[in-house]
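Novice: the sequence and its predicted three-dimensional model are supplied below.
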Amino acid sequence: MGPVARKPLMVGNWKMHGTYFEAMQWVQALSYQLDLADYDRVDVGVAPSFTSLRSVQTVVQMDDLPIHIVAQNVHWAKEGAHTGEVSARMLAKLAVSHVIVGHSERRRHFGEDDRMVNRKARAALSDGIVPIVAVGETLEEREAGDAEETVGRQVSGALARIPSDQVARLVVAYEPVWAIGTGRHARPSVAQEMISHLRNRIRSRHGEAADQVRIIYGGSINPGNVAALMAKRDIDGGLIGGASLDPGTLAACVKYWT
Ligand code: PGA
């Protein structure tokens with residue numbers, strides 16, 4: 001079998017930025033700068049806060065935009081006494097197609113571990129939402145030579161008990177912690193090396209699903225570095241934080257090949 005063509009995925013992660021009104025303006029402004037040829041080449045998504053999801057859904061559906069609505073978090077339970085949490089079913093009703101699980105900010109500040117990330121990923125899949133499983137090593141782990149082991153363990157933990165046909169559909173985001181929000185992106189060769197390692201690790205357990213799973217890079221992506229990163233064979237897109245808050249800059253990242 002020849003190489004599998006994986007469509008790139010570019011997601012703007014707005015983190016805790018923007019009111020619902022600003023989020024509506026951003027998604028509209030983004031859509032003005034993209035055309036059908038862009039959406040043909042790249043799957044485009046935005047990840048607003050929970051409070052903006054409904055408004056973004058309204059814009060996306062009213063204007064019939066091919067933009068994926070991505071949530072930033074989900075709880076693993078179907079429902080219950082979990083004050084402050086949001087279930088996959090609630091997200092699915094808002095036309096959310098993807099959800100980020102295991103972002104390093106959540107691992108660091110909210111104690112999310114691999115087991116929780118795995119439960120979140122499985123909950124998302126059971127409601128038809130594609131998890132974007134975020135993994136990445138700290139600077140200390142990289143300097144100690146532990147990067148591959150750390151990130152490999154995070155991926156294996158997150159994918160535990162997920163059947164290979166579902167693994168094939170999901171997205172892994174390699175986001176080295178030292179590159180997030182620092183303006184210091186990973187060198188393309190470094191990102192490629194890790195992502196290829198992750199793909200091999202997934203292959204050892206899930207076979208050909210590894211050729212279909214999209215593995216994207218995140219960490220200080222901007223219009224100036226996106227093309228070099230995306231040129232790498234195993235890098236299937238980007239998760240873009242700071243640079244995505246300006247719709248023009250996010251659009252420029254989506255149009256990285258032009
Ligand atoms: P950044 O964030 O682009 O601001 O580095 C990426 C992320 O955290 O997803």
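Specialist: Here it is on my side, so go on.

Novice: mind listing what's buried in stretch 47-60?
Specialist: 47, 48, 49, 52, 53, 55, 56, 57, 59, 60 (16 or more other C-beta atoms under 10 Å). Placement of C-beta: from N, CA and C, glycine included.

Novice: so which of these sit within helices?
Specialist: 52, 53, 55, 56, 57, 59, 60 (DSSP state H).

Novice: for residue 82, state which of those residues is nearest.
Specialist: Lowest distance from residue 82 to these (C-beta to C-beta) belongs to residue 53, with 17.9 Å.

Novice: residues in contact with the closest one?
Specialist: By C-beta atoms under 8 Å, 6 or more residues apart in numbering, residue 53 lies in contact with 69, 71, 91, 94, 96.

Novice: mind doing that once more with 6 Å?
Specialist: residue 94 (C-beta atoms under 6 Å, 6 or more residues apart in numbering).

Novice: distance of it relative to residue 97?
Specialist: The gap separating residue 53 from residue 97 is 12 Å, by C-beta to C-beta, to the nearest Å.

Novice: ok, residue 180 next?
Specialist: Distance from residue 180 to residue 97, by C-beta to C-beta: 23 Å.

Novice: who has more neighbours out of these two?
Specialist: residue 180 (21 against 16; other C-beta atoms under 10 Å).

Novice: what about the closest residue to that one other than its chain neighbours, neighbour count?
Specialist: Nearest non-adjacent residue to residue 180, counting by C-beta to C-beta, 6 or more residues apart in numbering: residue 219, 5.0 Å away. Residues near residue 219, counting by other C-beta under 10 Å, number 26.

Novice: ok, residue 29 next?
Specialist: Neighbours of residue 29 using other C-beta under 10 Å come to 14.

Novice: list of residues touching the helix or strand hosting it?
Specialist: According to DSSP states H and E, residue 29 maps onto helix 20-33. Helix 20-33 has contacts (C-beta under 6 Å, 6+ apart) with 46, 48, 51, 52, 55, 56, 59, 65, 247, 250, 251.

Novice: just the buried positions in stretch 239-257, please.
Specialist: For stretch 239-257, a neighbour-count test (16+ other C-beta under 10 Å) marks 239-245, 247, 249-256 as buried.

Novice: endpoint to endpoint, that stretch covers what distance?
Specialist: 17 Å (C-alpha to C-alpha, to the nearest Å).

Novice: how about the nearest residue to residue 207 once chain neighbours are set aside, phi and psi?
Specialist: Distances taken as C-beta to C-beta, 6+ apart place residue 164 nearest to residue 207, at 6.3 Å, with adjacent residues excluded. Note on residue 164: backbone dihedrals following degrees, to the nearest 10 are phi -60, psi -30.

Novice: wait, residue 164 sits on residue 208?
Specialist: No: using C-beta atoms under 6 Å, residue 164 makes no contact with residue 208, being 8.1 Å away.

Novice: who touches the residue nearest to residue 180 in this structure?
Specialist: Contacts of residue 219 (C-beta under 6 Å, 6+ apart): 175, 176, 179, 180, 185, 186.

Novice: what pLDDT does the model give the nearest residue to the third one once chain neighbours are set aside?
Specialist: Distances taken as C-beta to C-beta, 6+ apart put residue 219 closest to residue 179, at 2.7 Å, once the chain neighbours are dropped. pLDDT, residue 219: 98.

Novice: and the residue nearest to residue 220 when sequence neighbours are not counted, what helix or strand is that in?
Specialist: Leaving aside its sequence neighbours, residue 220 sits nearest to residue 185 (C-beta to C-beta, 6+ apart; 4.0 Å). Following DSSP H and E, there is no helix or strand that holds residue 185.

Novice: ditto for the one 10 residues further on
Specialist: Following DSSP H and E, the helix or strand that holds residue 195 is helix 188-206.

Novice: distance from the chain centre to the next helix or strand after that helix, please.
Specialist: Remark: after helix 188-206, the chain's next helix or strand is helix 209-212, criterion DSSP H and E. Between the centre of helix 209-212 and the centre of its chain there are 17 Å (C-alpha atoms, centre = their mean, to the nearest Å).
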